[in-house]
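In: can you look at this prediction? I've put the sequence above it.
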Amino acid sequence: MSELGGERGAATPAGIPGSALPGPFPVGAYADKLRERLRAFAHVQVFGELWNLRMSRASVYFELRDGRGALPCSMWRSDFDKLGIDPADGAQVVIAGGCDYYAGSATSSASFSFRASDLRVAGEGDLLAQVERLRRQFAQEGLLEPQKRLPRPLLPRTIGVVTGEGGKARDDVVAGLRRRGWGGRLIWGFAPVQDRHAAPAIAQALRELAAIEEVETIVVARGGGSLADLFAFCDEALCRTVALLRVPVIASVGHHTDRTLIDDVAAVSCSTPTHAAEAAVRLDVGDARATLLREARRLDLHGRRAVVARAHRLATLARAPAEHVARHRRQLHQLLRELRASTRRGVARQRDVTAMRLLVLGRKADAAAVDHARRRGDLERLLLALAAHDPERTLARGYALVEDPAHELVTSAAQARAAGAVELRFHDGRVRTSVEDAIR
C-alpha cells in the first residue's frame, strides 16, 4: 500500500502506537484506491426483487433483495429511460453491471452501489406472489368478510390505537380525532411497525385491546414506506387475528397506492391515519353539536309556537260554549221573530178571511132577514087562511060538530041514526044526546 502516499502539502500524523498495520494514509487516497479496486471486480448479472425505486435528475436508485441479502444499486437516468419500463416494488429483475464507489468529500458522504448498465424485468417478485397467494386463500376461507359485517358505532366512547410509539402516524390520529371534536377515551397499544418482530407484537396489541370491554373500535396506523417496510402487515397470523376479532378494525397502513393484506381483512381500509381517525369517529362532533344547538333552538321555537297555538286553541275552545249558546240564542231569536211575523201574517190573513166571511154572513143575514120577513108574511097569510078554516072558529060562530061514541066525526044523518047516540061539540064544551028519527 506504499502507493497510497500522502497528499501534497498535508502533514502525515503519527500512527497508532503499537499497531503493526501500514499507514496512516489519507482517507481520500484510500477511497480512491478502494474505488479502483471495486471497479476492477468482474462485471456480472444479478437478480432479485426490486425495492425503493427513486429517481434523481442524473441517476436512478433502488435496492435488489432476496432472502439472504440486499444490494444498493444505481443506474444512469438516461440508460433507465431508454428501457421504457416502470417496475413496481417487489418485481423480480435481472441487472447487469459491476461495483462502483463514490469516494465522497469533506462535505458529502461516500457510498457504495452496484452500477447497473442494463435491467430486465424477470417476473412477479416472491413477496408479491406470496401476498397474492394469501389474499386468494383468505378469500376462499371467507376471512375477508367477518370484519366488514361488524357494526361500527357512530360515536365510540373508547378507541384503541395500535401504532409505533414515536411515529408520525400517532400524531396524525390524534389530530384527526381532535378535528372531529371527539373527546372520548383513547387507549394506545404501541408496537414496532417494521421488522420481523413487528407482526407478532401488533397481533398481541390487537388482542389486548380487543379484550378491553370498553374498546369499541381499533385503529391500526402506520406511515408510508416500501412494500418491504410494510410487509409485516401482510403476515398471515396477524391478518387471521384481525379477521376474527370481535371489535371492528380500521387499517391505515402506508399511503394511497399501498395495499397490504390487513387492508383486505379489516372492517375499513383508509389511506392515511387522519382518514382512519375520521372513519373511527364517523360523526363530526362539532358539526353535530352545532346541528343539535340549531335543532334545539328550532325545537324551542317550535315548542313556543305550539304552546301559543295550543293556548289560542284552548281559548277558542273555552269561548266555544258561550259562542254556541249565543249562536243558538240568535237562532232562537230569529225563529221567534219569524214565528211572530208568521203569526202576525196568519192573524192578519185570518182576520181578512174572517172579515170576508163576516161580510158574506152579513149579506146572507140580510138576505135571510128579507127572506124571513117574506116567509113571515107568507106564514101570517097562511095562518089567517088556516084560522079561517079552523073548526073551533066555526064552532064559535054557532056551529057544532057531531061525533059518535068513538069520537069519529059524523057527517050524515044516516051515520047519526046508525050511531044512535052522538056527542055535540060546541065551542065551550061537549053534550051527549041520543038520535031520534023525527021524520020518516
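Out: That came through, no problem. This is a predicted model, so every value here is computed, not measured.

In: where does the stretch 301-440 of the chain have low pLDDT?
Out: Confidence mapping of the stretch 301-440 of the chain against pLDDT under 70 gives the ranges 390-391, 393, 438-440.

In: so who does F114 touch?
Out: Residues in contact with F114 (CB atoms under 8 Å, 6 or more residues apart in numbering) are V46, L64, L71, P72, C73, S74, I95, G97, G98, C99, D100. Where you see a C-beta, it was placed from the backbone N, CA and C, and this is true even at glycine.

In: which helix or which strand is home to it?
Out: strand 111-123 (DSSP states H and E).

In: and the next helix or strand after that strand, how far out from the chain's middle?
Out: Next helix or strand after strand 111-123 toward the C-terminus (DSSP H and E): helix 126-141. Helix 126-141 has its C-alpha centroid displaced from the chain centroid by 42 Å (CA atoms, centre = their mean, to the nearest Å).

In: alpha carbons of helix 126-141, as CSV, please.
Out: What follows is helix 126-141, C-alpha atoms only, in CSV (Å, rounded to 0.1, in the frame of the first residue of the first chain):
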residue,chain,number,x,y,z
ASP,A,126,-41.7,-13.6,-4.4
LEU,A,127,-43.1,-11.2,-1.8
LEU,A,128,-45.9,-10.0,-4.1
ALA,A,129,-46.6,-13.6,-5.2
GLN,A,130,-46.8,-14.6,-1.5
VAL,A,131,-49.1,-11.8,-0.7
GLU,A,132,-51.4,-12.6,-3.6
ARG,A,133,-51.5,-16.3,-2.7
LEU,A,134,-52.5,-15.4,0.9
ARG,A,135,-55.1,-13.0,-0.4
ARG,A,136,-56.7,-15.7,-2.5
GLN,A,137,-56.5,-18.2,0.4
PHE,A,138,-58.2,-15.7,2.7
ALA,A,139,-61.0,-15.1,0.1
GLN,A,140,-61.6,-18.8,-0.2
GLU,A,141,-61.7,-19.2,3.6
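
In: packing partners for it?
Out: Applying 3 or more CB pairs under 8 Å, 6 or more residues apart in numbering; DSSP states H and E, one finds that helix 126-141 contacts helix 236-243, helix 261-265.

In: for the stretch 51-200 of the chain, which segments count as strands?
Out: 59-65, 70-76, 92-102, 111-123, 158-163, 185-190 (DSSP state E, counting those that start in this stretch).

In: ditto for the stretch 201-350 of the chain
Out: Assigned by DSSP E, counting those that start in this stretch, the stretch 201-350 of the chain shows strands spanning 217-222, 249-253, 268-269.

In: got a markdown table for those strands, with mean neighbour count too?
Out: Formatted as a markdown table, these follow (neighbours: other CB atoms under 10 Å):
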| stretch | mean neighbour count |
| --- | --- |
| strand 217-222 | 28 |
| strand 249-253 | 27 |
| strand 268-269 | 20 |
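
In: as JSON lines, the ones you listed with distance to H372 and mean pLDDT would be great.
Out: Listed next are these as JSON lines, based on distance: least, CB to CB, whole Å; pLDDT from 0 to 100:
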{"stretch": "strand 217-222", "distance to H372": "128", "mean pLDDT": "94"}
{"stretch": "strand 249-253", "distance to H372": "131", "mean pLDDT": "92"}
{"stretch": "strand 268-269", "distance to H372": "129", "mean pLDDT": "92"}
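
In: just say which of the helices and strands packed on helix 126-141 is most tucked in.
Out: Most buried of the helices and strands packed on helix 126-141, by mean neighbour count (mean count of other CB atoms under 10 Å): helix 261-265, with a mean of 25.

In: export that helix as PDB, just CAs?
Out: Output of helix 261-265 as PDB, limited to C-alpha atoms (Å, rounded to 0.1, in the frame of the first residue of the first chain):
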ATOM      1  CA  LEU A 261     -53.300  -7.900   3.500                       C
ATOM      2  CA  ILE A 262     -54.500  -6.200   6.700                       C
ATOM      3  CA  ASP A 263     -56.400  -3.700   4.400                       C
ATOM      4  CA  ASP A 264     -58.300  -6.600   2.900                       C
ATOM      5  CA  VAL A 265     -59.300  -8.300   6.200                       C
END
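
In: which stretches of the chain form helices?
Out: Here the chain has its helices, by DSSP state H, at 27-39, 77-83, 126-141, 146-149, 168-180, 198-211, 236-243, 261-265, 273-280, 285-388, 391-396, 413-419.

In: neighbouring contacts of the third one?
Out: Residues outside helix 126-141 that contact it (CB under 8 Å, 6+ apart): 49, 66-67, 88, 90-92, 124, 144, 227-228, 231, 234, 236, 239, 243, 260-261, 264-265.

In: before we move on, the earlier item: and the strands of the stretch 51-200 of the chain, which one is worst for confidence?
Out: Per-stretch mean pLDDT for the strands of the stretch 51-200 of the chain is lowest at strand 111-123 (a mean of 85).

In: next, the angle helix 126-141 makes with it.
Out: Here strand 111-123 runs at an angle of 50 degrees relative to helix 126-141 (axes from the mean of the first three to the mean of the last three CA atoms, to 10 degrees).

In: mind listing what's buried in strand 111-123?
Out: Using 16 or more other CB atoms under 10 Å as the test for burial, strand 111-123 gives S113, F114, R115, A116, L119, V121, A122.

In: ok, back up a step: so for E214, which of the strands of the stretch 51-200 of the chain sits nearest?
Out: Set against E214 and scored by CB to CB, these come closest in strand 158-163, at 4.3 Å.

In: how far does the closest one sit from the chain's center?
Out: Computed by CA atoms, centre = their mean, the chain-centroid distance of strand 158-163 equals 32 Å.

In: perfect, that will be all.
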